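Trainee: What shape does this take:
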Amino acid sequence: MNASASGAAGTLSQPGLTSIVWASFDFLSALLGGLIAFRLRLIPEGRVPADRVLAHLVPVEPAVALMFLFLFGAYLVIFARIYGLYGMAQNHSGLHEQRMTLQATLTAGLLLCGSLYVMHGYGISRVMVMLTVVLTMVMVMVRRAIMRKLRQRRYLQGLETRNILIVGDGRVGHALRNHLETLRHMGFRFMGFISLMPRRDDQAAPDVIGDVRDCVALARSLFVDEIYFSTPADKQTVVAVVEEARSQGIDVRVIPDLYDGLAWNARVEYIGQFPTIPLHRREFPRGAFLLKRILDVVLSLIVLLLVSPLMIAIATAVRFGSKGPIFYRAQRIGRKGRTFTCYKFRTMVVDADRLRKDLDHLNEREGVLFKISNDPRITKIGAMLRKYSLDELPQLFNVLIGDMSLVGPRPPIASEVEQYDIAHLRRLDVLPGITGLWQVEARQDPSFDSYISLDTAYVENWTLLLDLRILARTIGVVVGGTGS
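Mentor: Alright, predicted model coming up:
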């Protein structure tokens with residue numbers, strides 16, 4: 001177990017894509033702060049044109065001045081990482097984050113002054129260095145405060161939360177639960193207690209949803225992100241939970257006083273005021289998902305602007321082509337089981353959902369999927385829209401809202417999710433998409449296993465490059481008219 005815990009602890013120190021993104025923002029802030037400082041220092045005196053600031057840093061060459069700015073940016077990134085500013089935002093408060101940001105910036109500034117002295121960079125005044133440090137510090141602190149505020153707003157809306165299960169419903173477990181309840185603004189949501197020993201239904205305490213034997217299965221079905229051990233348990237039991245949780249991508253923590261010696265090399269991390277030891281934690285690529293979100297918003301806006309005349313024409317055709325509304329609104333299941341309203345152009349007759357029961361025996365797909373050739377419920381306009389996937393254009397608004405992404409598993413209906421096995425819930429770990437790996441690889445494949453395996457492969461191997469490849473292939477699918 002010690003080896004496993006040590007390996008888990010080792011992974012926590014490895015820089016992920018999220019850390020690289022935030023470090024890049026800090027580095028660019030340092031460069032921008034330096035350039036603004038040069039301008040503020042020299043331009044008001046009328047000595048230097050705005051477009052030739054660096055060229056007039058006499059007697060320092062522009063390349064040398066830029067070198068010192070790059071050095072300051074590197075120092076800032078190094079100390080920000082040392083002070084834990086690229087870790088999970090839930091692990092510390094906003095005040096702590098700002099204090100560490102102040103400390104990292106000032107330390108980087110002091111080290112820059114030392115470097116200038118050692119390298120004889122006398123052409124750059126200390127006033128300019130001070131302006132650079134102050135401006136950089138303000139920009140980084142303001143950016144972090146804004147990002148934290150935006151995250152907290154989404155947490156309070158129930159979005160992107162970290163769902164928690166607590167093993168043990170004793171005094172420590174209830175204290176942890178009460179503490180997490182006060183940290184809703186930090187994204188934590190309590191899902192239930194897990195007892196160490198099996199209990200009869202009439203013995204179950206409030207909020208106890210199962211025992212440790214079914215701990216990971218329950219966690220998977222509730223889209224739990226972390227399991228906390230708040231009561232002493234047999235080490236073999238903890239090891240078994242950690243191993244199974246690792247395979248499901250679920251994090252595990254313990255209260256350190258209860259498990260002395262279980263993970264010697266793992267550091268203590270505070271959740272609010274509660275000390276915990278992470279036995280296993282996956283790196284959540286928050287920075288990469290931020291880039292994905294930016295890509296979604298930008299591309300959706302561009303596509304909406306380009307196809308708005310077409311969408312108006314389609315809306316007109318649907319409205320006068322058959323009786324019923326222009327849009328079809330369906331309740332779908334999104335990330336972590338969250339229900340949302342999915343929009344499409346209506347392609348079927350008004351009572352299509354009711355008529356499906358009479359057509360179930362004609363289903364050509366396997367498992368929970370449903371499709372039949374020459375579906376009598378589809379209108380003439382609807383058939384054309386489906387062939388070229390034009391009925392899904394309104395889902396661009398779902399992308400802008402944040403319920404969906406451009407690329408991801410297709411959003412299922414509730415009746416489908418009810419028939420999922422535990423392993424199938426993996427596809428609900430990400431935002432559903434307008435297009436996805438299954439749509440471009442095996443859209444006509446009736447196999448439910450193929451449908452699930454491709455979506456699971458997408459979730460487990462996701463990269464921004466994969467999204468771009470799927471989007472490029474989707475264009476070919478749409479133009480080729482291979483939709484259903």
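
Trainee: and this structure, what are its domains?
Mentor: The chain breaks down by automatic domain parsing into domains covering 2-156, 162-282, 287-480.

Trainee: residues contacting residue 101?
Mentor: 80, 85, 137, 140, 141, 144 (Cβ atoms under 8 Å, 6 or more residues apart in numbering). C-beta here means a position set from N, CA and C on the backbone, and glycine is covered the same way.

Trainee: right, and the helix or strand after the helix or strand containing it?
Mentor: Assigned by DSSP states H and E, residue 101 belongs to helix 94-118. Remark: after helix 94-118, the chain's next helix or strand is helix 126-156, criterion DSSP H and E.

Trainee: ok, now how distant is the residue lying closest to residue 248 once chain neighbours are set aside from residue 413?
Mentor: Nearest non-adjacent residue to residue 248, counting by Cβ to Cβ, 6 or more residues apart in numbering: residue 220, 5.4 Å away. Counting by Cβ to Cβ, to the nearest Å, the gap from residue 220 to residue 413 is 20 Å.

Trainee: which of those two has more neighbours?
Mentor: More neighbours surround residue 220 than the other of residue 220 and residue 413, with 21 against 15 (other Cβ atoms under 10 Å).

Trainee: Residue 424 is in contact with that one, correct?
Mentor: No - taking contacts as Cβ atoms under 8 Å, residue 220 lies outside contact range of residue 424: 10.0 Å.

Trainee: re earlier: how about a markdown table for the domains of the chain, with mean pLDDT added?
Mentor: Output for the domains of the chain, formatted as a markdown table (pLDDT from 0 to 100):
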| stretch | mean pLDDT |
| --- | --- |
| domain 2-156 | 73 |
| domain 162-282 | 78 |
| domain 287-480 | 84 |
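
Trainee: rewinding a little: which SSE is the residue nearest to residue 248 in?
Mentor: helix 215-221.

Trainee: which is the next helix or strand following that helix?
Mentor: Criterion used, DSSP H and E; the element after helix 215-221 is strand 226-229.

Trainee: List the neighbouring strands of that next one plus their orientation.
Mentor: Strands that pair with strand 226-229, judged by DSSP bridges, come out as strand 162-167 (parallel), strand 251-254 (parallel).

Trainee: Columns distance to residue 317 and mean neighbour count on top of these, output as CSV?
Mentor: Below are the strands paired with strand 226-229 laid out as CSV (distance: least, Cβ to Cβ, whole Å; neighbours: other Cβ atoms under 10 Å):
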stretch, distance to residue 317, mean neighbour count
strand 162-167, 44, 22
strand 251-254, 50, 25
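
Trainee: can you count the residues close to residue 319?
Mentor: Residue 319 has 14 nearby residues by other Cβ under 10 Å.

Trainee: Secondary structure class of it, three-state.
Mentor: Counting by DSSP: H, G, I helix; E, B strand; the rest coil, the backbone at residue 319 sits in helix.

Trainee: what's the distance between the closest residue to it other than its chain neighbours and residue 348?
Mentor: Distances taken as Cβ to Cβ, 6+ apart place residue 326 nearest to residue 319, at 5.3 Å, with adjacent residues excluded. With distances taken as Cβ to Cβ, residue 326 is found 13 Å from residue 348.

Trainee: Between these two, point out the one with more neighbours.
Mentor: residue 348 (21 against 13).

Trainee: Would you enumerate the residues in contact with that one?
Mentor: So, once contact is read as Cβ under 8 Å, 6+ apart, residue 348 ends up touching 328, 375, 377, 378, 379, 382.

Trainee: Residue 390 now?
Mentor: Residue 390 makes contact with 310, 314, 345, 384, according to Cβ under 8 Å, 6+ apart.

Trainee: so residue 474 sits right up against residue 438, yeah?
Mentor: No - judged on Cβ under 8 Å, residue 474 makes no contact with residue 438 at a distance of 11.5 Å.

Trainee: what about residue 248, how many neighbours?
Mentor: 16.

Trainee: List the contacts of it.
Mentor: 216, 219, 220.

Trainee: okay if I get those residues as CSV plus distance to residue 245?
Mentor: Shown next, in CSV, are those (distance: Cβ to Cβ, whole Å):
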residue, distance to residue 245
216, 5
219, 7
220, 9
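
Trainee: which one of these is nearest residue 403?
Mentor: Closest to residue 403 out of these is residue 220 (22.5 Å), distances taken as Cβ to Cβ.

Trainee: how close does the closest one sit to residue 428?
Mentor: 10 Å.

Trainee: Do I have it right that residue 133 meets residue 109?
Mentor: Yes - using Cβ under 8 Å, residue 133 is in contact with residue 109, at 3.6 Å.

Trainee: Overlap of the contact sets of these two?
Mentor: Contact with both residue 133 and residue 109 is made by residues residue 72, according to Cβ under 8 Å, 6+ apart.

Trainee: more crowded one of the two?
Mentor: Under the criterion of other Cβ under 10 Å, the comparison of residue 133 against residue 109 puts residue 133 first, with 24 against 21.

Trainee: who touches that one in this structure?
Mentor: 33, 72, 105, 106, 108, 109, 112.

Trainee: can you count the residues close to the nearest residue to residue 231 once chain neighbours are set aside?
Mentor: Spatial nearest neighbour of residue 231, chain neighbours left out: residue 168 (2.9 Å); criterion: Cβ to Cβ, 6+ apart. Residue 168: 23 surrounding residues under other Cβ under 10 Å.

Trainee: Phi and psi next, for residue 168.
Mentor: The phi/psi pair for residue 168 (degrees, to the nearest 10) reads phi 100, psi 120.

Trainee: Let me see the ranges of the strands in the stretch 351-484 of the chain.
Mentor: Per DSSP state E, counting those that start in this stretch, the stretch 351-484 of the chain carries strands over the ranges 405-407, 433-435.

Trainee: Please name whichever of those strands is nearest to residue 229.
Mentor: From the strands of the stretch 351-484 of the chain, taking Cβ to Cβ, the stretch that ends up closest is strand 405-407, at 34.1 Å.

Trainee: Partner strands of the closest one and their direction?
Mentor: Applying DSSP bridges, one finds strand 405-407 paired with strand 433-435 (parallel).

Trainee: what does the partner strand contact?
Mentor: By Cβ under 8 Å, 6+ apart, strand 433-435 touches 392, 395-396, 399, 404-410, 470-471, 474, 477.

Trainee: Now go through those and say which are in helices.
Mentor: Secondary structure assignment by DSSP state H places 395, 396, 399, 470, 471, 474, 477 of the contacts of strand 433-435 in helices.
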